[in-house]
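Novice: model this:
(one chain, ligands or ions: 2)
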Amino acid sequence: MPRFMQLSDGSTTSKTSRPPPVSPGVSPAQRAADRFAVNGNAVVTGGAGGIGAVACRALLEHGVQGLAIFDMYPDRAQPTLDKLQSEFPEATAVFKRVDVTDAASVDSAVEEVEGVFGSIEILLCFAGITGSIHALEITPENWRRMLEINTTGAFLCSQAVARSMIKNGNKGSIVLMASISGHVTNYPQPHVHYNASKAALISMKSSLAAEWATYGISVNSISPGYMDTVLNEGSHLQSLREAWAKRTPYGRMGHPDELTGAIILLVSNAGSYITGADIIVDGGLTVF
Ligand SMILES: NC(=O)c1ccc[n+]([C@@H]2O[C@H](COP(=O)([O-])OP(=O)(O)OC[C@H]3O[C@@H](n4cnc5c(N)ncnc54)[C@H](O)[C@@H]3O)[C@@H](O)[C@H]2O)c1
Ligand SMILES: OC[C@@H](O)C(O)[C@H](O)CO
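Specialist: Ligands and ions are numbered 1, 2, ... in the order given. Below is the predicted model of the structure:
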């Protein structure tokens, strides 16, 4: 599996090396495509549906060859996998039933994926849960579960994949799914545990970026605003959805596909000098 990006002019570059020199033999359109090409193999946690599944399609569109979805629910993952495999027959997409909070399950899935694909260059840590409970009513179990899945899970997956990248001498890119909830307090729904779990991810991204830069591994995060996914669906959420749209300068919730530009930037050669960054994609919600 390629350790370096193969460019259309025959040269190679790595995610963290300088951008390729402008080559006279290559058309501007091809250079533009090269800039956002994503080579290698990827693991996407929480990729069975929602934002994760949309991100999987974007990775394959941009050239990822091997894709592994780590998620809890095979019934949700199977239709996603079938669709991706039929749209991208030249790629290999696999599902691993992984609970991201279980270090042993994460380690063995990473080892298996390494065995199938040979290497892992990209990790998207998108598995997560939400939940609205007033702070006075949150139980220790509510608190621990939120932090375990959203924060500890992302750490365990990042650690396992970074160990694999370093062992194989691979450079790579890790993207953590944070949220505007890590920057500002959500309103009107109360969820201090969710907000804390996402704020911790934004901090974790900076620490990991600092520690792993030496190995050529970039670590960044994305902070979406309110996106139209099942996480935010249901008639009981209708009034909240309206309130969120109203608070957003763009006047609407975001579509998951509107996150893919930021994701591809962070894992392609276009992002070769970006590490430790958080990209807010929120229709302007956090400008106030
Ligand atoms: N939808 C939004 O508005 C929004 C905004 C900001 C951030 N986010 C974040 O984006 C991510 C994806 O959100 P989504 O809207 O697509 O939600 P989603 O519920 O559709 O997807 C989350 C996925 O994570 C998986 N998952 C949950 N616990 C897991 C575990 N222990 N192990 C493995 N997989 C597990 C679920 O099975 C699910 O497939 C989450 O981290 C969420 O916090 C969402
Ligand atoms: O901040 C927006 C999201 O993180 C999330 O969709 C919301 O907080 C769920 O209630």
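Novice: check whether stretch 240-254 contacts ligand 1.
Specialist: No: contact of stretch 240-254 with ligand 1 (C-beta under 6 Å from any ligand atom) is absent, the minimum separation being 7.3 Å. Every C-beta, even on glycine, is put in place using the N, C-alpha and C of the backbone.
Novice: Which residues belonging to that stretch are considered buried?
Specialist: Leu240, Arg241, Trp244, Arg247, Thr248, Met253, Gly254 (16 or more other C-beta atoms under 10 Å).
Novice: Any chance of the backbone angles for the second one?
Specialist: I take that to be Arg241. phi -60, psi -40 (degrees, to the nearest 10).
Novice: looking at it, it is touching Arg252, isn't it?
Specialist: No: judged on C-beta atoms under 8 Å, Arg241 makes no contact with Arg252 at a distance of 9.7 Å.
Novice: all helices for the stretch 1-150 of the chain, in order.
Specialist: Under the criterion DSSP state H, counting those that start in this stretch, helices of the stretch 1-150 of the chain are mapped to 28-35, 50-61, 74-87, 103-117, 140-147.
Novice: Among those, which comes closest to Ala68?
Specialist: With distances scored as C-beta to C-beta, the stretch of the helices of the stretch 1-150 of the chain nearest to Ala68 is helix 103-117 (4.5 Å).
Novice: picking that back up, of the buried residues of stretch 240-254, closest to Val113?
Specialist: Nearest to Val113 among the buried residues of stretch 240-254, counting by C-beta to C-beta, is Gly254 at 29.9 Å.
Novice: Spatially nearest residue to the closest one (excluding sequence neighbours)?
Specialist: Closest residue in space to Gly254, ignoring its immediate chain neighbours: Met227 at 4.6 Å, by C-beta to C-beta, 6 or more residues apart in numbering.
Novice: Kindly provide the distance from the one you found to Gln85.
Specialist: To Gln85, Met227 is 25 Å away according to C-beta to C-beta, to the nearest Å.
Novice: With Ile174 instead?
Specialist: In terms of C-beta to C-beta, Ile174 sits 25 Å off from Gln85.
Novice: Compare the two and say which one has the larger neighbour count.
Specialist: Ile174 (27 against 15; other C-beta atoms under 10 Å).
Novice: Can you tell me the element the more buried one falls in?
Specialist: Using DSSP states H and E, Ile174 falls within strand 172-177.
Novice: That strand close to ligand 2?
Specialist: No: contact of strand 172-177 with ligand 2 (C-beta under 6 Å from any ligand atom) is absent, the minimum separation being 9.1 Å.
Novice: Pull the residues that contact that strand.
Specialist: Contact partners of strand 172-177, identified using C-beta atoms under 8 Å, 6 or more residues apart in numbering, comprise 15, 40, 46, 51, 120-126, 128, 154, 158, 161-162, 165, 201-202, 204-205, 208, 212, 216-222, 224, 263, 266-267, 271.
Novice: Which ones among those lie within strands?
Specialist: Ile122, Leu123, Leu124, Cys125, Ile217, Ser218, Val219, Asn220, Ser221, Ile222, Pro224 (DSSP state E).
Novice: For Phe235, give its distance to Val106.
Specialist: Quick fix: residue 235 reads Ser, not Phe. In this view, Ser235 and Val106 are 36 Å apart by C-beta to C-beta.
Novice: which bits of the stretch 1-150 of the chain sit near ligand 1?
Specialist: Within the stretch 1-150 of the chain, the positions adjacent to ligand 1 are 45-46, 48-52, 71-73, 76, 98-101, 126-130, 149 by C-beta under 6 Å from any ligand atom.
Novice: Quick one, which of those residues are buried?
Specialist: Among those, the ones that count as buried by 16+ other C-beta under 10 Å are 45-46, 48-52, 71-72, 76, 98-101, 126-128, 130, 149.
Novice: contacts with ligand 2 among these, please.
Specialist: Among these, the residues that sit close to ligand 2 (C-beta under 6 Å from any ligand atom) are Thr130.
Novice: What ranges in the stretch 1-150 of the chain fall below the confidence cut-off?
Specialist: The model of the stretch 1-150 of the chain has pLDDT under 70 over residues 1-22.
Novice: ok, for the closest residue to ligand 2 within it, nearest residue in space, not its chain neighbours?
Specialist: Nearest residue of the stretch 1-150 of the chain to ligand 2: Thr130, at 4.3 Å (C-beta to the nearest ligand atom). Take Thr130 and drop its neighbours on the chain: the residue closest to it by C-beta to C-beta, 6+ apart is Tyr194, 5.2 Å away.
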